Structures are given as structure tokens and as C-alpha cells.
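Asks: Give me coordinates for this.
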Amino acid sequence: MSILGTRRFIPSVTGALLCLFLLLYPSVIQASELTAPAVSSSTTAWWVWPLILFVLTFVMGILAALGGVGGGVLYVPIVSGFFPFHLDFVRGCGLLVALSGALAAGPGFLKMNLASLRLAMPVALIASTCAIAGAMVGLALPTHIVQTALGATILGIVAIMIAAKKSVFPEVEEPDRLSSALRICGVYTEASMGQTINWKVHRTVPGLLLFIVIGVMAGMFGLGAGWANIPVLNLVMGAPLKVSVATSKFLLSITDTSAAWIYVNQGAVIPMMVVPSLVGIMLGSFIGVRILRIAKPGFVRWIVIALLLFAGAKAITKGLGLPFIV
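Replies: Coordinates of the predicted model:
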């Protein structure tokens, strides 16, 4: 990024965060009432937790960029397991963390013709509707049940990351009837090969059905859904890997917005958590993108898997009320 671009970027981010703070400030009143006993019994200064949260999310942003996962899938299990914040607040903030990354990357992918609107729109309609339902269910269930289910989901994600093999250019001989009717296809230029790639999809109905489950889980746990979007778009429906990644990022800007409004409406979003988390994750992502050029992807991938495995075990033991021995 050039110096001129940096000078334009920093004020815009600062202004956006200020507007976000003013918008969400009323939720502090409700949050303070819920957490008043815990705060009053603690001698820790109020600014300590936001500072620690900023440092942690900065590291998460680097790891997320290097490991190819969304920030939310690292944020929710780690913060809910090791910070004294209620799970509802962590999930609401996790959705905004995933949403910020999607909003930052989505327009660029559209300009590069990698993200496909024809592929994203039917998927977004299903996933965003189910994400709203998932958010409502997650807020209605007891915390220990959601915490245990979150831990099991995280361990499932670890298993998917270990076993999944992504295909750069899946073989799709003929599109199915539904994808043909919706005209889900496209063309993009593969810069690494200097070729124009014509792509189409198949198994559209199974893919859309899977996005029902993905939407519910994204809203219920506040993880975002990039970890699940990409395998379904790439391995099930047959979209090229780059198209799947770009479309998934654009898709998150729709599905996470729907679920996030439920948490905002219920007062489960606190600026004291949101502001340092968004600043940390964005700065860490910028650094991670630059480190990615020299880092070994395999090594970083296993670091992310180890972190998720550790956080998933912590979430399950916390939900079941069992001791967690490090």
C-alpha cells in the first residue's frame, strides 16, 4: 500500500470505528448491569482486558491470514474459553470480526471478477435466513449447552481441516438443471497460468441444503462460515478454488450481517470488546498477508489446527464444568 493510500485508509477506519462505537454505546448500559457483580469484585483496571484483547486479536489476525481461516473461527473459542466475558458477548463480537474481514476483502474480489454474484445470491438467501434463526436459537439456549456444542463444532472443524483436500480446478463435465436455470457460471483470468478459466457448477441442490446447516451454525456460534463455505463451494459444487474463496468472503458480508443484527438488537455487543478486536484483527491481517510471502503454509496450518484443538477442548470442558489441565 502506498503512503497516500495509507493516509486515506487510516482516517476512514478511525471514522468507521467511531461511528460503530456511537451506534453500539447504548448496549454498554445493559452489559454493565449483567457484569456488575463480577466487575465490582475485581481489582483489575478496566483498560487491561481491552489491551490484552487487542494484542491477542492482532496475533489472531496474523495467524488467520497465514492459515487461510476467518478471524471468527479463532476468536470465539479462544476468547470465550480464556477471557471473563459472557459467551453471548463473545459470539456477537465474533460475527463483527468476521464481518469486518469480509467487508474489507469483498469489493476487491468483485473488481477482480473472482467473486461471483450469480453463485453468491442463492446461497446468501438461504444462509442469511438460517443464520438469523441460528442466532435466535443460540441466544435462547443455556450458555453451558452452547459452550459444549461450540467445543464439539470446533473439534469438527479441526477434523475437516486435517482431512480436506482442496481441488484448484474441479472437474465439472456438465452443469445440472438448477445451476443452468440460474446461470451460475463465469469466466476469470488465472494470472499464475496466464489462461482464461471458464467454470460452471453441479450438485447445486445438495450444496444449497448444506448451506442451511452452515447458516444455522454461523449464527448460533458467531464463528462466521468461511471454514465451511469454501469446501462446499469447491468440493461439492465444483467451483474453482479461487472463485470459492472470493465468493465465500463476499458471502460472509451478507450472512454475518443478518446474524450480527440479532446480537446487536439483544444488547449482546459491547464496544469495549468490539473496538480493540476489530483494530487488532485488521492490523494483524495486514501483517499476515505480507508474512505469507515467506512463511511455509504447511507449518502455519498446523499451528492454527493446534490452536483450534486447544480452544475446542477448553470450550467442551468449560461447558461441561470439568477441570481443564494445561
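
Asks: Which stretches in the stretch 51-200 of the chain count as strands?
Replies: Under the criterion DSSP state E, counting those that start in this stretch, the stretch 51-200 of the chain contains strands at 185-190, 195-200.

Asks: Residue 169: which of those strands is closest?
Replies: strand 195-200 (7.1 Å; CB to CB). Where C-beta positions appear, they are placed from N, C-alpha and C, glycine not excepted.

Asks: Under the pLDDT cut-off, which ranges of the stretch 201-326 of the chain? List them.
Replies: Counting by pLDDT under 70, the ranges of the stretch 201-326 of the chain that qualify are 224, 226, 289, 292-298, 300-301, 323-326.

Asks: What segments of it are helices?
Replies: In the stretch 201-326 of the chain, the helices defined using DSSP state H, counting those that start in this stretch lie at 204-221, 226-231, 241-265, 271-291, 297-320.

Asks: and these as TSV, adding distance to residue 171?
Replies: Output for the helices of the stretch 201-326 of the chain, formatted as TSV (distance: least, CB to CB, whole Å):
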stretch	distance to residue 171
helix 204-221	16
helix 226-231	16
helix 241-265	13
helix 271-291	31
helix 297-320	24
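
Asks: So which of the ones you listed is nearest residue 104?
Replies: helix 271-291 (7.0 Å).

Asks: Return the distance of residue 180 relative to residue 236.
Replies: 17 Å (CB to CB, to the nearest Å).

Asks: Just want to know which of the two has more residues nearby.
Replies: Each of residue 180 and residue 236 has its neighbours counted (other CB atoms under 10 Å); residue 236 has more, 19 against 15.

Asks: wait, what's in contact with that one?
Replies: 203, 206, 207, 210 (CB atoms under 8 Å, 6 or more residues apart in numbering).

Asks: buried residues in stretch 80-91?
Replies: 80, 81, 85, 86, 87, 88, 89, 90, 91 (16 or more other CB atoms under 10 Å).

Asks: Which members of these are the farthest-apart pair?
Replies: Using CB to CB, the pair of the buried residues of stretch 80-91 lying farthest apart is 81 and 88, separated by 14.8 Å.

Asks: who does residue 200 bridge with?
Replies: Here residue 200 sits in beta bridges with residue 185, going by DSSP bridges.

Asks: what's the model's confidence in stretch 162-180, averaged?
Replies: For stretch 162-180, mean pLDDT is 79.

Asks: So what touches it?
Replies: Applying CB under 8 Å, 6+ apart, the external contacts of stretch 162-180 come out as 184-185, 197, 199-205, 230-231, 234-235, 237-242, 305.

Asks: End to end on that stretch, go ahead and measure it.
Replies: End-to-end span of stretch 162-180 (CA to CA, to the nearest Å): 33 Å.

Asks: can you pull out the helices in the stretch 1-150 of the chain?
Replies: Using DSSP H, counting those that start in this stretch, the helices of the stretch 1-150 of the chain run over 3-24, 26-40, 48-67, 71-82, 87-111, 117-140, 143-163.

Asks: what angle separates the fifth one from helix 297-320?
Replies: By that I understand helix 87-111. For helix 87-111 against helix 297-320, the angle by axes from the mean of the first three to the mean of the last three CA atoms, to 10 degrees is 150 degrees.

Asks: that older thread, quickly name whichever of the contacts of residue 236 is closest to residue 146.
Replies: residue 210 (21.8 Å).

Asks: For the closest one, grab the count of nearby residues.
Replies: Residue 210, neighbours per other CB under 10 Å, totals 21.

Asks: For stretch 98-111, buried residues please.
Replies: Those would be 98, 99, 100, 101, 102, 103, 104, 105, 106, 109, 110, for stretch 98-111 by 16+ other CB under 10 Å.

Asks: what does stretch 47-55 give?
Replies: Neighbour counts using 16+ other CB under 10 Å place 49, 50, 53, 54 of stretch 47-55 among the buried residues.
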